[in-house]
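S.K.: Okay, structure incoming, though there's no sequence with it:
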């Protein structure tokens with residue numbers, strides 16, 4: 001089996017923000033805020049799309065107002081299917097950019113345009129362009145967690161739920177792959193597919209924090225628990241998994257597997273949907289520090305946490321956090337995204 005080789009030069013430095021501290025809302029204030037947001041959505045012909053890693057209140061509101069709670073792949077699909085003229089994306093910036101790339105005629109808002117991603121920031125477009133130019137004989141496959149400028153250099157865009165099938169398809173055609181930016185997901189895909197892959201040296205600050213040795217200790221305490229792992233995690237964590245998959249695939253595992261307990265190695269925002277669908281199951285966060293899974297070791301993306309009811313209401317009133325993508329870049333970036341969507345529709 002060919003080996004995956006890490007390239008692309010030293011990993012870019014990423015400044016990780018502190019976790020936002022939003023004021024607590026009373027039950028009455030929360031209800032009133034949701035009602036105001038629902039009215040604003042209706043008045044502006046807008047629909048709310050929330051990622052599984054955002055706050056549970058936002059996920060609940062998206063469902064209550066006819067929007068969608070989804071992973072990156074389903075968020076992209078939903079944006080093209082809805083007739084609403086405004087998409088309000090609760091997630092991180094690349095998700096809003098993907099929505100705009102696929103729907104240039106629609107207005108795309110986000111609660112905070114500063115909500116970015118360590119993978120996105122760790123793959124600067126100029127450096128990535130040079131990496132691609134140095135390997136012209138490779139098919140360029142980029143993860144969704146990248147900027148529009150990076151996608152514009154790609155042949156394919158993939159999400160975690162479809163990365164392996166796409167790479168298996170390319171490997172069957174004996175194509176050599178240049179992969180960016182998550183080296184852990186790339187390594188996992190390479191091991192499962194046998195493809196020849198050259199990896200950008202990037203990582204998700206949330207998933208890279210999971211610890212293999214600490215997970216072993218938690219498993220010993222919960223021998224009946226199934227281990228669910230997102231493939232952005234290190235090999236030492238992935239190797240202990242009963243299920244490796246995207247957010248949607250991990251949620252499905254909780255609802256379909258008979259285990260009474262699950263140890264979950266991904267962003268803690270996913271627990272809201274898991275508890276909604278499987279309230280009788282016990283969910284245990286995989287540890288990122290120390291010797292056990294405690295509140296202090298729960299993994300949560302600080303950029304995802306920039307989405308809240310308070311700034312969602314504000315952006316609907318002011319409209320100042322609008323995603324814009326230069327048309328020349330959009331025309332190049334849309335091709336790899338459409339290729340993924342067409343491939344997914346045929347499966």
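M.R.: Okay, I see it. Since the model is a prediction, treat every value here as computed from it, not as a measurement. Numbers count the residues shown, from 1 in each chain.
S.K.: Can you pull the domain assignment for the protein?
M.R.: 4-15+119-205+330-345, 27-115+304-329, 207-297 (automatic domain parsing).
S.K.: So what's the gap between the shortest one and the chain middle?
M.R.: Between the mean C-alpha location of domain 207-297 and the chain-wide mean there is a distance of 16 Å, by C-alpha atoms, centre = their mean, to the nearest Å.
S.K.: What's the local residue count around residue 190?
M.R.: When counting by other C-beta atoms under 10 Å, one arrives at 25 neighbours for residue 190. Every residue, glycine included, has its C-beta placed from N, CA and C.
S.K.: no wait, residue 243
M.R.: 18.
S.K.: Tell me the confidence at the spatially closest residue to it that is not a sequence neighbour?
M.R.: Nearest residue to residue 243, sequence neighbours excluded (C-beta to C-beta, 6 or more residues apart in numbering): residue 253, at 4.5 Å. Residue 253 is assigned 98 on the pLDDT scale.
S.K.: What is the helix or strand containing residue 253 packed up against?
M.R.: Using DSSP states H and E, the element containing residue 253 is helix 247-256. Helices and strands touching helix 247-256, by 3 or more C-beta pairs under 8 Å, 6 or more residues apart in numbering; DSSP states H and E, are strand 226-229, strand 243-244, strand 261-265, helix 271-277.
S.K.: re earlier: for the domains of the chain, please prepare a markdown table with the additional fields distance to residue 21.
M.R.: Shown next, in a markdown table, are the domains of the chain (distance: least, C-beta to C-beta, whole Å):
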| stretch | distance to residue 21 |
| --- | --- |
| domain 4-15+119-205+330-345 | 18 |
| domain 27-115+304-329 | 9 |
| domain 207-297 | 15 |
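S.K.: Among the ones you listed, which one carries the weakest average confidence?
M.R.: Across the domains of the chain, domain 207-297 gives the lowest mean pLDDT, at a mean of 91.
S.K.: returning to what we had before: what angle separates the helix holding residue 253 from strand 261-265?
M.R.: 170 degrees (axes from the mean of the first three to the mean of the last three C-alpha atoms, to 10 degrees).
S.K.: Show me which positions of helix 247-256 end up buried.
M.R.: Buried residues in helix 247-256, counted by 16 or more other C-beta atoms under 10 Å: 247, 248, 249, 250, 251, 253, 254.
S.K.: what's the answer for stretch 97-117, then?
M.R.: 97-103, 106-113, 115-117.
S.K.: and these, which of them are in helices?
M.R.: In this view, those that belong to helices under DSSP state H are 97, 98, 99, 100, 101, 102.
S.K.: what's the neighbour count on the closest residue to the last one other than its chain neighbours?
M.R.: In space, not counting the residues next to it along the chain, residue 102 is nearest to residue 80; the distance is 5.3 Å by C-beta to C-beta, 6+ apart. Residue neighbour count, defined by other C-beta under 10 Å, stands at 14 for residue 80.
S.K.: Could you double-check that residue 264 sits in contact with residue 285?
M.R.: Yes: Residue 264 lies in contact with residue 285 (C-beta atoms under 8 Å); the separation is 6.1 Å.
S.K.: who's in contact with the residue nearest to the spatial centre of the chain?
M.R.: The structure's the chain has its C-alpha centroid closest to residue 72; by C-alpha atoms, centre = their mean the separation is 5.6 Å. By C-beta atoms under 8 Å, 6 or more residues apart in numbering, residue 72 lies in contact with 51, 95, 98, 144, 145, 159, 160.
S.K.: can you give me the helices in the stretch 51-200 of the chain?
M.R.: For the stretch 51-200 of the chain, the helices defined by DSSP state H, counting those that start in this stretch occupy 56-64, 72-81, 93-102, 118-121, 125-133, 148-151, 163-172, 183-193.
S.K.: List the buried residues for the longest one?
M.R.: Residues of helix 183-193 classed as buried under the neighbour-count rule (16+ other C-beta under 10 Å) are 183, 184, 185, 186, 187, 188, 189, 190, 193.
S.K.: where does residue 324 land in three-state SS?
M.R.: Of the three states, residue 324 takes coil according to DSSP: H, G, I helix; E, B strand; the rest coil.
S.K.: What's the local residue count around it?
M.R.: 13.
S.K.: That one - nearest residue in space that isn't next to it in sequence?
M.R.: That would be residue 100: by C-beta to C-beta, 6+ apart, it lies 7.2 Å from residue 324.
S.K.: Pretty sure that neighbour sits against residue 333.
M.R.: No: Residue 100 lies out of contact with residue 333 (C-beta under 8 Å); the separation is 9.7 Å.
S.K.: can you list residues touching both of these two?
M.R.: residue 325.
S.K.: hmm, back to that, more neighbours, residue 264 and residue 285?
M.R.: Per other C-beta under 10 Å, whichever of residue 264 and residue 285 has more neighbours is residue 264, with 26 against 23.
S.K.: contact partners of stretch 96-107?
M.R.: So stretch 96-107 is in contact with 49, 72, 75-76, 79-80, 84-87, 89, 108-110, 113, 144, 147-148, 151, 319, 322-325, 327, 330, 333-334, 337-338, going by C-beta under 8 Å, 6+ apart.
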